[in-house]
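Participant: Provided below are the primary sequence and the corresponding predicted coordinates.
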Amino acid sequence: MQYVDLGVLPRRKGSSKLKKTLKWTSLAFLVAIVFYASYIIYFPAAALLKEIFKHPSSALSLVKNPEGTLKGDNGRTNFLLLGIDKRDNVPYSYTLGGGTAAKNGFLSDTMMVVSLDQKSSEVATVSIPRDTWVRIPSWPGHSAAFAKINAAYSYGETENYPGGGEELAKNIVSEVLGVPIHYVTRVDFAGFKKAIDDLGGIDVNVETGFDDYNYPAQNINVDCYKVACLKHVHFDAGLQHMNGEKALEFVRSRQGTNGEGSDFARASRQQKILVAAKQKALSIFNIFDPAKINNLFSGFGETIDTDIDLAALPKLYKYSKEVKTDQMKSIVLDTENYLYHPSPDAFGGAYVLLPKNDSWAKVQEAVKNIFSPPAPSSSQ
C-alpha cells in the first residue's frame, strides 16, 4: 500500500497542538555541512563509488567542472534544505504486485533556503512555513492543483515529476521567493540524529531552561492523538552536551515553557544547533583520522540526499570554514510582515497561509536584497 502524505486535510478537532509538535525546526543545513565536509577531507573509496552509482552526473562533474566552481547567480548560491517527516516503519520506495517500483510520499515539514554570498562569505536563511498555500504545476500524467508547500516533495515523488520531489520543491520555492535554487539537500529524522551522534554529540549553551509536556513520543502512529502518544522533555539552562536524540528534541519542541514555544525561540535554538554542529564538524575533520570521517559519511543510506556536484564540494567546504555564523541574516515568512491566515472555510477547513495583498512581491524583494546593507535613515 502506498503511503502518501499531502498535508491538505482539515485539522482534527482538538488535535491542533499535537499536530504542531509533529513539525520540526529547520536544521538540515548543519547536516548538509557534515555531509559535504566529510566528502572533502577524506574520500573513502567505498563512499565515493556509492555516490557515483547513486548520482552518475555527480561523477561526471569531476570532468565537466575541474575548477570546482559552485553554481550561482551574481556571486550568490541558494541551497534548498528539506526536512522530511518520515517514520522509520515507512520506506521511501516499495515494489508493486507486478514488480513495478513505486515511491511513498512524505511531507517536507522543514523548508529553508540558505543563501551564500561567495564574495563576502555571508550566509542568510529564509524559512518558509509548511502551511504556505501554493500552486502545484501540471506535468504529463498530473493536472495542476493547489496545496500546502510542504506537500510539493510528496507530489513530486508519488506522481513521477521529472526529477522527483526534490526538483519539484526547488521549482516551487524558486517561484515563491523569486530567486533561483541551485542545489537541494533532503534529510529525515534518522539522518539528522546520525550526523549529530557521529560527531560525538555537540555542546550547546541553553540560555533558557524549559519543559515540553506535549512532545511526540518516538515512532508514534501518524493518527495518534492520545496523551499516551506524548512524552515530557526537559532542558536545563547552561552548557549542555547533546546526542542526536536530545538535539532533535531541542529543535523540534514546539510547546516549551518559559517562552520557548514561540517561533522566535525555535529559530534561536535552530541557530545554536547549527553553529555548534559546524564548530564540532570542522574541529574533528583531518586527513589523519580517516576512520572517523568514513564513519561519519557511511551508513546514511536513504536518510540524506543531495544534488551537489562532487567537484564543487571542496569550494563548499572552504566557504563553510569562512562563514560568519554569528552574523547570519534571516527572514521568517511570518504573519506580522509577509503572510496572513485566510478563512479555513475556503480551503476545506485547512489552515493555510497566503501572501499579504495576494502577491509575493514583498517577499521576493526582501529575499533579493537580504545581503544589501540597510538604507540610511532620514536623520543621517
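Facilitator: It's in. Numbers count the residues shown, from 1 in each chain.
Participant: from residue 134, how far out is the residue nearest to residue 366 when sequence neighbours are not counted?
Facilitator: Leaving aside its sequence neighbours, residue 366 sits nearest to residue 331 (Cβ to Cβ, 6 or more residues apart in numbering; 5.8 Å). C-beta coordinates here come from the backbone N, C-alpha and C atoms, glycine included. Between residue 331 and residue 134 the distance, using Cβ to Cβ, to the nearest Å, works out to 17 Å.
Participant: between the two, which is the more surrounded one?
Facilitator: In terms of neighbours (other Cβ atoms under 10 Å), residue 134 is the more surrounded of residue 331 and residue 134; the figures are 22 against 19.
Participant: isn't that one up against residue 172?
Facilitator: Yes - counting by Cβ atoms under 8 Å, residue 134 sits close enough to residue 172 to count as a contact (5.6 Å).
Participant: what do these two both touch?
Facilitator: The contact sets of residue 134 and residue 172 overlap at 149, 152 (Cβ atoms under 8 Å, 6 or more residues apart in numbering).
Participant: re the thing from before, give the contact list for the residue nearest to residue 366.
Facilitator: By Cβ under 8 Å, 6+ apart, the residues touching residue 331 are 124-127, 366-367, 370.
Participant: of the residues you listed - the most surrounded one?
Facilitator: Tallying neighbours with other Cβ under 10 Å puts residue 126 at the head of the contacts of residue 331, with 25 neighbours.
Participant: quickly list what residue 306 is bridged to.
Facilitator: When bridges are taken as DSSP bridges, the partners of residue 306 come out as residue 185.
Participant: what's the answer for residue 117, then?
Facilitator: Under the criterion used here (DSSP bridges), residue 117 is bridged to residue 76, residue 122.
Participant: give me the pLDDT value at it.
Facilitator: What the model reports as pLDDT for residue 117 is 92.
Participant: which ones are touching residue 155?
Facilitator: Contacts here follow Cβ under 8 Å, 6+ apart; on that basis residue 155 touches 6, 105, 136, 142, 145, 147, 161, 165, 168.
Participant: tell me which of those fall in strands.
Facilitator: Judged by DSSP state E, strands contain the following of the contacts of residue 155: 136, 145, 147.
Participant: need the residues you listed in CSV (columns: pLDDT and neighbour count).
Facilitator: Written out in CSV, the entries for the ones in strands among the contacts of residue 155 read as follows (pLDDT from 0 to 100; neighbours: other Cβ atoms under 10 Å):
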residue, pLDDT, neighbour count
136, 96, 22
145, 94, 15
147, 96, 20
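Participant: which one of those is nearest residue 90?
Facilitator: Top of the list for closeness to residue 90, among the ones in strands among the contacts of residue 155 and by Cβ to Cβ, is residue 147 at 20.0 Å.
Participant: so which other helices or strands are in contact with the helix ranked longest in the chain?
Facilitator: Among the elements of type helix in the chain, defined by DSSP state H, the one spanning the most residues is helix 263-284. Using 3 or more Cβ pairs under 8 Å, 6 or more residues apart in numbering; DSSP states H and E as the contact criterion, the secondary-structure elements in contact with helix 263-284 are helix 28-41, strand 202-206, helix 244-252, helix 313-322, strand 329-332.
Participant: buried stuff in it?
Facilitator: Within helix 263-284, the residues that qualify as buried by neighbour count (16 or more other Cβ atoms under 10 Å) are 265-267, 269-278, 280-282, 284.
Participant: relative to helix 313-322, how tilted is that helix?
Facilitator: Note on geometry: by axes from the mean of the first three to the mean of the last three Cα atoms, to 10 degrees, helix 263-284 and helix 313-322 are set 110 degrees apart in direction.
Participant: just to revisit the earlier point, so can I have JSON lines of the ones in strands among the contacts of residue 155 showing distance to residue 186?
Facilitator: Conversion of the ones in strands among the contacts of residue 155 to JSON lines gives the following (distance: Cβ to Cβ, whole Å):
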{"residue": "136", "distance to residue 186": "18"}
{"residue": "145", "distance to residue 186": "22"}
{"residue": "147", "distance to residue 186": "18"}
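Participant: pick out the most distant pair among the contacts of residue 155.
Facilitator: Taking Cβ to Cβ as the measure, the contacts of residue 155 span a maximum distance of 14.9 Å, between 145 and 165.
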